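**Q** Sharing a model prediction with you, sequence too.
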Amino acid sequence: MRSIARRLSTITSAVKRGAGLQIEFSCGGGGFYPFLWLRDASPAPAHRLKSGQRLFETHELPESAELACELKTTSADAIELQWDDAVAARSPASFLREFAPGGAASSQRERYAGRTLWP
C-alpha cells in the first residue's frame, strides 16, 4: 500500500536553491534535483524523440550548472521549467518522485549532485 501512496503523491513545493530545485511531495518524501540532471532528463519534445532518445549530448550543455533555467509553474502534478534554449519542459510528479531519495531510480539523479561538466 505504501508504494501506491508514493506513486500517487503530489508536489507540495518546489524551490530554486543554488544549482537545482528542492522538491517536496505529499507523501513526506522529496529531495534536491540538480539543474544539470533536470535538463539532461528533460521530457520536452524539443529535447527528445518519441522513442525517448535525447536530441543533444550532455557535454554540449553550457558550463553553467543553472543552465539559465527558470521555474515557471508548480502544480500538484508537475513542474514546468523554462530552459535557456526557450523550451519549456513539464516534468510530471510521478517521474520526479521515481528519482527522489528512496525512489526506484534515485541513484541516477544523485550522480549529478555537485558535478561540474568542465572544471
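**A** The structure has been received and is ready for your questions. Numbers count the residues shown, from 1 in each chain.
**Q** Now W83: closest residue in space, sequence neighbours ignored.
**A** Leaving aside its sequence neighbours, W83 sits nearest to C69 (CB to CB, 6 or more residues apart in numbering; 5.8 Å). Yep, even glycine has a C-beta here, placed from its N, CA and C like the rest.
**Q** Quick one, grab the pLDDT at the one you found.
**A** C69 carries a pLDDT value of 78.
**Q** Spit out the contact partners of it.
**A** By CB atoms under 8 Å, 6 or more residues apart in numbering, the contact set of C69 is 35, 38-39, 81-84.
**Q** For the most centrally placed residue in the chain, list the residues it contacts.
**A** The residue lying closest to the centre of the chain (CA atoms, centre = their mean) is L38, at 3.4 Å. Contact analysis of L38 by CB under 8 Å, 6+ apart lists 20-21, 69, 81, 89, 91.
**Q** Would you agree it falls within a helix?
**A** Yes: L38 sits within a helix when classified using DSSP: H, G, I helix; E, B strand; the rest coil.
**Q** so is E80 in a helix, a strand, or just coil?
**A** Classification of E80 by three-state DSSP places it in strand.
**Q** Model confidence for it, exactly?
**A** Listed pLDDT for E80 reads 91.
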